[in-house]
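This is a predicted model, with the sequence first.
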Amino acid sequence: MNVEVRGLSKAFGPISAVTDLSFEAGAGSVTGFLGPNGAGKTTTMRMTLGLVTPTSGTATFGGRRYADLPRPSATVGAVLDGAGFHPAHTALDHLRVYARMGRYGRARAEEVADLTGVSAFAGRPTRTLSTGMRQRLSLATALLGDPQVLLLDEPSNGLDPEGIAWLRHFVRELAADGRTVLISSHALGEIEHMADHVVVIRDGRLVTTGPITGLYGPATVLVRSPQAGLFAAGLTAGGVRVEHPQPGLLRIHGLSTAEVAAAAASHGIALHEITPERPTLEQAFLHLTGGSR
């Protein structure tokens, strides 16, 4: 089930939080929703769920607005910042209450607790839970209806390294099962490992959308060779852009490692090292959004 955002805009008085935003998150994939602080990510997520009314435009799930879904929580599960828990309820109490509200049955609460690791602290009052535990409990709540779409706003907040590794694997499994997963996150390193596609916004406007590999730009390859100067001359004569950052080292633009190796063989050049090089997601993100370190 696809998430489709078309011409979505939201103004708070004179301030435009989101402007004419359009993108799509497809089934069976993880889409990273990226942007600087204040870019409009959370506002957009809330508009898709009807928690904020758009000034114009639409957000639909399989062609229907969230409010028009016959059983919304069985179609869309959401984890947003600031999820509230009754302080006197245990984690399992919380899940049982929401399971009953959604008519999912008492057993479903225990199933999602086991799926998300909540069962390890199921008997603890929610007021005593750490931020990471609350994130797991929020995710378990979102999964009660076994939804086809997951909207996750900063889901790794408060998770320790083990929890982040678990989340990465869990999210990939959800997508492999054919679900649509849209993740808003500042943890670019994690998005780099989780996402298939990205949507990048700045100041409420779309910057780019597409496969995550498309952010990185043309390939570059680092080569170390005792014949670096000779190799550089041959490549340059063939129209390839080559940098020579230090003696014996070349940075070759626009060729894959296989093409570089083939070119070296054709010129009779000995290579001591050949390494593909690409920018990190953080570097690509900062370039696209005009940020700086």
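Looks like it came in fine. It should be emphasised that the depicted structure is a prediction, and the values quoted were computed from it without experimental measurement.

Give the burial count for the nearest residue to residue 67 once chain neighbours are set aside, as a bare number.
What sits nearest to residue 67 in space, not counting adjacent residues and going by CB to CB, 6 or more residues apart in numbering, is residue 50, at 5.0 Å. Quick note: C-beta positions are derived from backbone N, CA and C, even for glycine. Neighbours of residue 50 under the rule other CB atoms under 10 Å: 14.

Check whether residue 50 really touches residue 66, as I assumed.
Yes - using CB atoms under 8 Å, residue 50 is in contact with residue 66, at 4.9 Å.

The stretch 151-293 of the chain: helices as residue ranges?
If DSSP state H, counting those that start in this stretch is used as the criterion, the helices of the stretch 151-293 of the chain fall at 161-176, 188-194, 228-237, 257-267, 281-289.

before we move on, the earlier item: and the residue nearest to residue 67, what element?
Element membership for residue 50, per DSSP states H and E: none, as it lies in no helix or strand.

contacting residues around it?
Under the criterion of CB atoms under 8 Å, 6 or more residues apart in numbering, the contact partners of residue 50 comprise 65-67.

Could you do residue 46 as well?
With CB under 8 Å, 6+ apart, residue 46 has these contacts: 52, 80.

go on, residue 129?
85, 91, 121, 137.

Just the ones of these in helices?
91, 137 (DSSP state H).

Show me which pair in the contacts of residue 129 is furthest apart.
Using CB to CB, the pair of the contacts of residue 129 lying farthest apart is 85 and 121, separated by 12.4 Å.

End to end on stretch 25-41, go ahead and measure it.
14 Å (CA to CA, to the nearest Å).

what is the mean pLDDT for that stretch?
Rounded to a whole number, the mean pLDDT of stretch 25-41 is 92.

Residue numbering should commence at 40 henceforth.
Done: numbering now begins at 40, and the last item shifts to stretch 64-80.

Would you indicate which residues of it are buried?
Using 16 or more other CB atoms under 10 Å as the test for burial, stretch 64-80 gives 64-65, 68-75, 78-80.

would you list those in TSV and tack on secondary structure and distance to residue 248?
Written out in TSV, the entries for the buried residues of stretch 64-80 read as follows (DSSP: H, G, I helix; E, B strand; the rest coil; distance: CB to CB, whole Å):
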residue	secondary structure	distance to residue 248
64	strand	10
65	coil	11
68	strand	12
69	strand	14
70	strand	9
71	strand	10
72	strand	10
73	strand	10
74	coil	12
75	coil	16
78	coil	14
79	coil	14
80	helix	13
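
so what's residue 294 scoring on pLDDT?
89.

how close does it sit to residue 301?
Computed as CB to CB, to the nearest Å, the residue 294 to residue 301 distance reads 9 Å.

need the contact list for residue 193.
With contacts taken as CB under 8 Å, 6+ apart, residue 193 has the following neighbours: 120, 223-226.

quick one: contacts for residue 191?
With contacts defined as CB under 8 Å, 6+ apart, residue 191 is in contact with 117-118, 178, 181, 210, 220-224.

Which two among those residues are spaced furthest apart?
Taking every pair in those and measuring CB to CB, the maximum separation is 15.6 Å, between 181 and 224.

Neighbour count: the two, which is higher?
When residue 181 and residue 224 are compared for neighbours, residue 181 comes out ahead with 24 against 20, by other CB under 10 Å.
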